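Asker: okay, here's the prediction I keep looking at, along with the sequence it came from:
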Amino acid sequence: MKPMQISKSLLFSGGFVWCLSCTSTEANNAPTYDTVVVTEGDLSITVEATGSIEPIRKVEVTSKASGEVLGMLVDVGDEVGPGALLARIDPRDVQNGFDQAKADLEVAQARLDISGAQKVRSEELLSSGVISLQEHEANNLEYANAQANLVKAETNYELNELRLSDVTIRAPSAGTILEKNVEEGQVIQSASQNVSGGTTLVIMADLGLMQVRTLVDETDMGDISSGMTTSVTVEAYPGRPFVGLVEKIEPQAVVEQNVTMFPVIVQLDNSSGLLKPGMNAEVEILIDEAPGVVLIPNNAVVTLQDATAAASVLGLDPQTIDMRSLFSNGAGRGGVREQMTPREGGTRTENSDAETGNNNRRRGPMAAEADSLRSKVQRGEISQDSARALVLGMRQGQGRVAQNPESAETPGSISEQRRSTASSRQGIVFKILTDGSIEPQLVQLGLNDWDFSQVVSGLNVGDELAVIGASQLRAGQDEFLSRMRGRAGGGMFGGGR
């Protein structure tokens, strides 16, 4: 009886065609799995965070003069240029001080003139012997004091002249009025004569350039640097992202709810004037991207450690997985001893002696080391867990698998540079062949996000893969470990009893 096929539904997400419920009801122990099709698409790796829009620099405008505010010439939201008149303060106190300083200057000048004349007469009288030397020295001292008083009076006059201009408050730079803290008739305190800093009249800022202060988790800080491109969206304009640049990363960490985070400042061009201070913003920092690459869902890939358990879930013979070939650059098409077929009605074809000899010649020093570890496990010198750890260490030191020549790009191309800098790792997928059988395939993976991974080599667009559910894989792992514990010296490095 032919297996009944459950209706399939197509889900389109990120360019992937998902084929669900590819199951068979012919037997209770028949493998159950979903399938996906390998496609081509763009992959972007981003770090997401939230923050608020704020001006790069705020200016608090205060008055150096105390007194009553006679007029406020600006309001919140007004755009002003540098030197624009903002407010006027009652000038009476300052004017009185200026008039007094002017009078003191005139008196000091007159005293200096009189002392100078007395000094000249004193020198004449001393030469005629009319006055004594002590009287002449006293006249010289009087002249020196008159000179000092004149300098003091001139300084006081200049200071009061500056204070006279302080009663008119002007904008220190171009910007927009964000806050107005005083009104006409209010008495303010001088910023230069008050310990508290005086009364703030207005707060203004240049809104042409804005910034977003956001907190990024410390686990992502190794991928972020100044100058990276960001995309900023606000709730007011959900369909209009704003392009920004990472300005700087502050060195002091911030701990919130036991999570260590670092402030990251993103600068934005706000020449359009759409962004307002205080808006909530969502920031996406572009870490890396790979346009036009081969993509597969993350749940279609299993690690090398889980390959045996995954094969068991799919109804394949776990013993057909050749770990030596998987860890060797000279592995065959799928990194397996022979094609794996479902247990139901499947047969296992052994390699000929000639093929075995050719494979041995292609195997490198890693394969020889794997043989040595296998022998040590069988002799009981090391445990299976220690052997697995050693093999994984060798695999990580081996480097990435050579790229498929058919998919190689022109040297120096942008995509090749991205691939060379991206972290590369290996994984196992289960490819569905044209005859319906399944074989494990060693693939080289590049960039990946939460959903998809870039395939550097090992698969082509249009290949169909079997996907194992997380619960199924966990059950297969438990079954595999139970079987390994029941064997003496068996498992990945032993051949059983």
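Answerer: It's in.
Asker: just the helices in this structure please.
Answerer: Under the criterion DSSP state H, the chain carries helices at the ranges 92-128, 133-165, 307-313, 323-326, 353-362, 365-379, 384-398, 414-421, 470-485.
Asker: the first one: which residues count as buried?
Answerer: So the one you mean is helix 92-128. By neighbour count, with 16 or more other CB atoms under 10 Å as the criterion, the buried positions of helix 92-128 are 93-94, 97-98, 101, 104-105, 108, 111-112, 115, 118-119, 122, 126. Glycine gets a C-beta too; all of them are placed from N, C-alpha and C.
Asker: what angle do that helix and helix 133-165 make?
Answerer: 160 degrees (axes from the mean of the first three to the mean of the last three CA atoms, to 10 degrees).
Asker: for residue 202, see how far away residue 180 is.
Answerer: Plainly put, residue 180 is 5 Å away from residue 202 if you go by CB to CB, to the nearest Å.
Asker: which residues are common contacts for those two?
Answerer: residue 74 (CB atoms under 8 Å, 6 or more residues apart in numbering).
Asker: so these two - more neighbours on which side?
Answerer: Under the neighbour definition other CB atoms under 10 Å, residue 180 and residue 202 were set side by side, and residue 202 has more, 25 against 20.
Asker: and that one, how close does it get to residue 144?
Answerer: In this view, residue 202 and residue 144 are 49 Å apart by CB to CB.
Asker: ok, now residue 287?
Answerer: In this view, residue 287 and residue 144 are 74 Å apart by CB to CB.
Asker: got it, and residue 281?
Answerer: Looking at residue 281 against residue 144, where the rule is CB to CB, the gap reads 68 Å.
Asker: and residue 287 and residue 144? Which one has more around it.
Answerer: A direct count of neighbours by other CB under 10 Å for residue 287 and residue 144 places residue 287 higher, at 19 against 11.
Asker: do you know the pLDDT at residue 40?
Answerer: With respect to pLDDT, residue 40 scores 91.
Asker: and it, what does it touch?
Answerer: Counting by CB under 8 Å, 6+ apart, residue 40 touches 15, 292, 293, 294, 295, 461.
Asker: ok, now with 10 Å
Answerer: Applying CB atoms under 10 Å, 6 or more residues apart in numbering, we find residue 40 in contact with 15, 291, 292, 293, 294, 295, 455, 460, 461, 462.
Asker: one more: residue 209?
Answerer: By CB under 10 Å, 6+ apart, the contact set of residue 209 is 55, 56, 57, 247, 267, 268, 269, 270, 271.
Asker: out of those residues, which end up buried?
Answerer: Neighbour-count burial (16+ other CB under 10 Å) applied to those gives 55, 56, 247, 267, 268, 270.
Asker: I'd say the first one and residue 212 touch.
Answerer: No - if you go by CB atoms under 10 Å, residue 55 and residue 212 don't touch, sitting 11.3 Å apart.
Asker: need the overlap of contacts for the two.
Answerer: With contacts defined as CB under 10 Å, 6+ apart, the residues adjacent to both residue 55 and residue 212 are residue 275.
Asker: residues near residue 438, how many?
Answerer: For residue 438, the count of nearby residues is 22 (other CB under 10 Å).
Asker: so which bits of stretch 154-167 are buried?
Answerer: For stretch 154-167, the neighbour count (16+ other CB under 10 Å) marks 156, 157, 160, 163, 164, 166, 167 as buried.
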